[in-house]
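Novice: my questions concern the predicted model and sequence given below.
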Amino acid sequence: MYSPSAQATTSSSPPLHQNSSPTTRISLRRTSNYPAQSIKYEQDHHETKKYEAPPQTPQRQIMGPTEPIVRKTPHTFSLGHAPPMAHGIQLISPHELPDRFRQVFPYELFNAAQSKCFAPIYKSNDNVVVSAPTGSGKTALLELAICKLVEAHRSGEFKIVYQAPTKSLCSERMRDWTKKFSHLNLPCAELTGDTSQSEMNKVRNASIIVTTPEKWDSITRKWKDYVKLLELVKLFLIDEVHILKDTRGATLEAVVSRMKSIGTNVRFVVLSATVPNSEDIALWLGRDHTNKHIPAHRETFGEVRKCSFVPY
């Protein structure tokens, strides 16, 4: 049924194109069109979005089958020209010695301790104190000092005294050096408490005298009787100098003091494996017979045990 009130209600809201201003129509058109455009944008964006792989790092590039992978090897440098080293010390070859001395050192290289002591012992006349562990080749240092003396005194007018605390060590050194220095015409003689008076002639004719502190003490006590022998002593080698701290140390100290006071130009080379205060011994010996106030050259290797020594 037709109702006038329903017609009035329907006609109260005119259409968009009737009885409205242009501004109102444009605003309404924009509002009505926005949802459609937003939906279309989301659809288009969803359709065009594609998966993109992460970029390759420059460190590793994918190569084609025609490009083989080449693995570079590290560069190596030849060190054949470099001198051999051990413990930061340049090792020295016995071939640096004159030909007649090489037979005494039948090996290719001196060890680290021997190489470090090579210059102060063989290339100078200074007194030397060396403290190094047992088995480090200290005996070769004494042999270097002998070669140095032979090179400096070609006339052969000299005596070398090797002093050790025990007779067994003296006998061992006597046998060893008799063979080693025979080609240099350096006869050896042993002077200990067992040496008879008749064997003293061998001592007088020997170039190397192997003795103990006690026996050499008896010689130096009567130095006027042996003045010719003592004046020929140019090299005094002391093994196991750490006995200065023992009861026998007084005898060793008296022997060295007498050799220094006789006035001859005597060089001292002393060794030990256990003396830590080698600086005291170096100060006691002095650099040489003209620079007694300057300490002797000193080299120390490894750990050593404490022993006391205060020179008078």
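Specialist: Happy to help now that I have it.

Novice: do you have the helices of the protein handy? List them.
Specialist: 4-11, 22-48, 99-102, 112-122, 138-152, 167-180, 200-205, 213-221, 227-231, 249-261, 278-285 (DSSP state H).

Novice: out of those, the one nearest Glu190 is which?
Specialist: helix 167-180 (4.7 Å; C-beta to C-beta). The way it works is simple: take the backbone N, C-alpha and C, and place the C-beta from them, glycine included.

Novice: save the helices of the chain as CSV, and put in mean pLDDT and distance to Leu191 too.
Specialist: Below are those laid out as CSV (pLDDT from 0 to 100; distance: least, C-beta to C-beta, whole Å):
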stretch, mean pLDDT, distance to Leu191
helix 4-11, 43, 150
helix 22-48, 47, 111
helix 99-102, 94, 25
helix 112-122, 96, 24
helix 138-152, 97, 17
helix 167-180, 94, 8
helix 200-205, 86, 5
helix 213-221, 91, 5
helix 227-231, 88, 10
helix 249-261, 91, 13
helix 278-285, 94, 22
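
Novice: now do the end-to-end distance for stretch 241-259.
Specialist: Length of stretch 241-259, first residue to last, C-alpha to C-alpha, to the nearest Å: 16 Å.

Novice: revised request: answer the last question for stretch 115-130.
Specialist: In stretch 115-130, first residue to last residue: 13 Å (C-alpha to C-alpha).

Novice: ok, Ala296 touching Arg267?
Specialist: No - in this structure, Ala296 is not within contact of Arg267 by C-beta atoms under 8 Å, at 9.8 Å.

Novice: which neighbours do these two share?
Specialist: Overlap of the contact sets of Ala296 and Arg267 (by C-beta atoms under 8 Å, 6 or more residues apart in numbering) consists of Asp126, Asn127.

Novice: any idea how far Glu199 is from Phe181?
Specialist: 19 Å (C-beta to C-beta, to the nearest Å).

Novice: the two: who's more crowded?
Specialist: Ranked by neighbour count (other C-beta atoms under 10 Å), Glu199 and Phe181 place Phe181 first, with 22 against 12.

Novice: just to revisit the earlier point, of the helices of the chain, which is nearest Lys159?
Specialist: Of all the helices of the chain, helix 227-231 comes closest under C-beta to C-beta, at 6.8 Å.

Novice: mind giving me the packing neighbours of the closest one?
Specialist: helix 213-221 (3 or more C-beta pairs under 8 Å, 6 or more residues apart in numbering; DSSP states H and E).

Novice: ok, and what's touching the helix it packs on?
Specialist: With C-beta under 8 Å, 6+ apart as the criterion, helix 213-221 contacts 161, 163, 165, 191-193, 195, 226, 229-230, 243, 248, 251-252, 254-255, 258-259.

Novice: which among those residues end up buried?
Specialist: 161, 163, 165, 191-192, 226, 229-230, 243, 251-252, 254-255, 258-259 (16 or more other C-beta atoms under 10 Å).

Novice: which one among those gets closest to Gln114?
Specialist: Out of those, the member with the shortest distance to Gln114 (by C-beta to C-beta) is Gln163, at 21.1 Å.

Novice: could you list the low-confidence segments of the stretch 51-200 of the chain?
Specialist: 51-82 (pLDDT under 70).

Novice: let's go with 80 and repeat that
Specialist: Scanning the stretch 51-200 of the chain for pLDDT under 80 picks out 51-83, 193-199.

Novice: what about the closest residue to His153 other than its chain neighbours, neighbour count?
Specialist: In space, and not counting its chain neighbours, His153 is closest to Lys234: 6.7 Å by C-beta to C-beta, 6 or more residues apart in numbering. A count of neighbours around Lys234, defined by other C-beta under 10 Å, yields 18.

Novice: need the per-residue pLDDT for Lys234.
Specialist: Lys234 is assigned 95 on the pLDDT scale.

Novice: surely it touches Ile160?
Specialist: Yes - contact status for Lys234 versus Ile160: in contact at 7.1 Å, counting by C-beta under 8 Å.

Novice: which residues do these two both contact?
Specialist: Leu149.

Novice: ok, now how distant is the residue lying closest to His289 once chain neighbours are set aside from His293?
Specialist: Of all residues not flanking His289 in the chain, Asn265 sits nearest, at 5.2 Å (C-beta to C-beta, 6+ apart). Counting by C-beta to C-beta, the separation of Asn265 from His293 is 17 Å.

Novice: more neighbours: which of the two?
Specialist: Neighbour totals were compared for Asn265 and His293, and Asn265 leads with 11 against 7 (other C-beta under 10 Å).

Novice: residues contacting the more buried one?
Specialist: Lys234, Asp288, His289.
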